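[1] Coordinates only, no sequence provided:
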């Protein structure tokens, strides 16, 4: 009979040595993988930077308006002519190794639109970045911010922004405070008019840009707000529990209007507001319009566009701290936002115009790079008397080379005609 093998017992010292070896190889493997990912992302970022450097050209303006920072701390443009604003929203630059191609397409689209429109000011209403690992291959949202800011500075256009929910995810490397410092670096980005805003008010990026005539009268104030990200412990945003403008921001807005009114010889200036997440009143307005069989009502007047998200989805917050009522009471004529990439509806609701900006997104929704009817910008013209007009401009892009083709699309066109070209967009919703 064969002798059974005796089980060899390891001494405590040998066990400890074996355990340390396992830990070493695990840590070594993790470090190796992290290093490889970092190198690949660095190479990817260089590729995007090269694309910007080789394709983006400075805009040739005739008599470009130059803003001045006044004693109240806000930037002011002075003009007696029409003032043109181009709203860009939901650019969604991944900034990582998985999104190089899509990022170049997004950067190219923005550069081409702005180069053709030649606005006095570009307002970006959130989600410059999309540092979501499955799509971008990185957690580094700073890469996206730098790419975008570098491109805008190369264009030589004055611009500002309001933060969106994706600009700083809970797992992103950099906070809103950190990104604010980047945008506030006037030595590097003198054309960026972003301001962090009061430290005692919720969020980053609550500020005003004024338009005055040659007599010093404010003809329009442009309010930027941080509409924040998520609520109710939905830290990753997977339950679509979105935030909104907070109560202290409403208070700041009212106080700022009061101060501007005093500065404006007692006349409350007309104003426009810009932020990312749509107000609850957008859903109220559309619900009323839909119930009326898509006809104007006593409260709702249709201007253009569609709610193109499936099931007429409008992703506003379940909370409401009264910013819309404050707008009505304080001469804010229009509100512009983004967030829902396939919505581009513009309506007047109870005397205030509510407008979804045309989006840029080539990355966040599955298959969105092949989808074109929603992609574009929104042009807002502020007239010397303080009135304004806005229109959505639809752009198509087929190749990387800078766009030389712009098509104005019949805004009554039924978006359902091309539904299905995007693979289940709502599965990858913000």
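    Received it, and whenever you're ready, just let me know what you need. Remember, it's a predicted structure, so these values are computed and weren't measured experimentally. Numbers count the residues shown, from 1 in each chain.
[2] Residue 301 pairs with what?
    residue 348 (DSSP bridges).
[3] Make sure it is actually in contact with residue 350.
    No: when contacts are counted by Cβ atoms under 8 Å, residue 301 is not listed as touching residue 350 (10.1 Å). For the C-beta atoms, the positions are set from N, CA and C on the backbone; glycine is no exception.
[4] so who does the most centrally placed residue in the chain touch?
    Nearest to the geometric centre of the chain sits residue 126, at 1.6 Å (Cα atoms, centre = their mean). Neighbouring residues of residue 126 by Cβ atoms under 8 Å, 6 or more residues apart in numbering: 89-90, 161-167, 227, 275-277, 337-339.
[5] Looking at the residues you listed, which is nearest residue 56?
    residue 161 (17.8 Å; Cβ to Cβ).
[6] Check for me that the closest one belongs to a helix.
    No: according to DSSP: H, G, I helix; E, B strand; the rest coil, residue 161 belongs to no helix; its state is strand.
[7] what about it, distance to residue 376?
    Distance, residue 161 to residue 376, by Cβ to Cβ, to the nearest Å: 18 Å.
[8] repeat for residue 58
    Taking Cβ to Cβ, one finds residue 58 at 23 Å from residue 376.
[9] Give me the more crowded residue out of the two.
    More crowded of residue 58 and residue 376, by other Cβ atoms under 10 Å: residue 376, with 24 against 11.
[10] correct me, but the more buried one touches residue 356?
    No: the criterion here is Cβ under 8 Å, and residue 376 misses it with residue 356 at 11.3 Å.
[11] tell me, what's touching those two both at once?
    Going by Cβ under 8 Å, 6+ apart, residues that sit against residue 376 and also against residue 356 are residue 344.
[12] mind listing what's buried in stretch 115-130?
    Within stretch 115-130, the residues scored as buried using 16 or more other Cβ atoms under 10 Å are 115-117, 119-130.
[13] where does the stretch 1-150 of the chain have low pLDDT?
    Applying pLDDT under 70 to the stretch 1-150 of the chain picks out residues 1-10, 13-22, 24-45.
[14] all strands for it, in order.
    Secondary structure of the stretch 1-150 of the chain, counting by DSSP state E, counting those that start in this stretch: strands at 68-69, 75-78, 83-88, 121-125.
[15] now the strands for the stretch 151-300 of the chain?
    Listed in chain order (using DSSP E, counting those that start in this stretch), the strands of the stretch 151-300 of the chain are 159-162, 207-212, 218-224, 271-274, 300-304.
[16] about what we covered before: for the strands of the stretch 1-150 of the chain, give me JSON lines that also has distance to residue 365.
    Supplementary listing: the strands of the stretch 1-150 of the chain in JSON lines, determined by distance: least, Cβ to Cβ, whole Å:
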{"stretch": "strand 68-69", "distance to residue 365": "38"}
{"stretch": "strand 75-78", "distance to residue 365": "34"}
{"stretch": "strand 83-88", "distance to residue 365": "17"}
{"stretch": "strand 121-125", "distance to residue 365": "18"}
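[17] I would like the residues contacting stretch 228-235, please.
    Contacts of stretch 228-235 (Cβ under 8 Å, 6+ apart): 165, 168-170, 202-203, 236-237, 239-246, 277, 317-319.
[18] and with 7 Å instead?
    Contacting residues not belonging to stretch 228-235 are listed as 165, 170, 203, 237, 241-243, 317, 319 [Cβ atoms under 7 Å, 6 or more residues apart in numbering].
[19] can you redo these as TSV with pLDDT, neighbour count and distance to residue 143?
    Listed next are those as TSV, based on pLDDT from 0 to 100; neighbours: other Cβ atoms under 10 Å; distance: Cβ to Cβ, whole Å:
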residue	pLDDT	neighbour count	distance to residue 143
165	97	20	18
170	94	9	18
203	97	22	23
237	90	18	20
241	96	17	27
242	97	24	25
243	97	21	25
317	97	21	29
319	97	15	32
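[20] if we take those residues, which one ends up nearest to residue 105?
    residue 165 (22.0 Å).
[21] out of everything not next to it in sequence, what's closest to the closest one?
    residue 229 (4.0 Å; Cβ to Cβ, 6 or more residues apart in numbering).
[22] can you count the residues close to the one you found?
    Residue 229, neighbours per other Cβ under 10 Å, totals 24.
[23] Kindly report the same for residue 209.
    Counted with other Cβ under 10 Å, residue 209 comes out at 24.
[24] who does the closest residue to it other than its chain neighbours bridge with?
    Of all residues not flanking residue 209 in the chain, residue 222 sits nearest, at 4.5 Å (Cβ to Cβ, 6+ apart). Here residue 222 sits in beta bridges with residue 209, residue 272, going by DSSP bridges.
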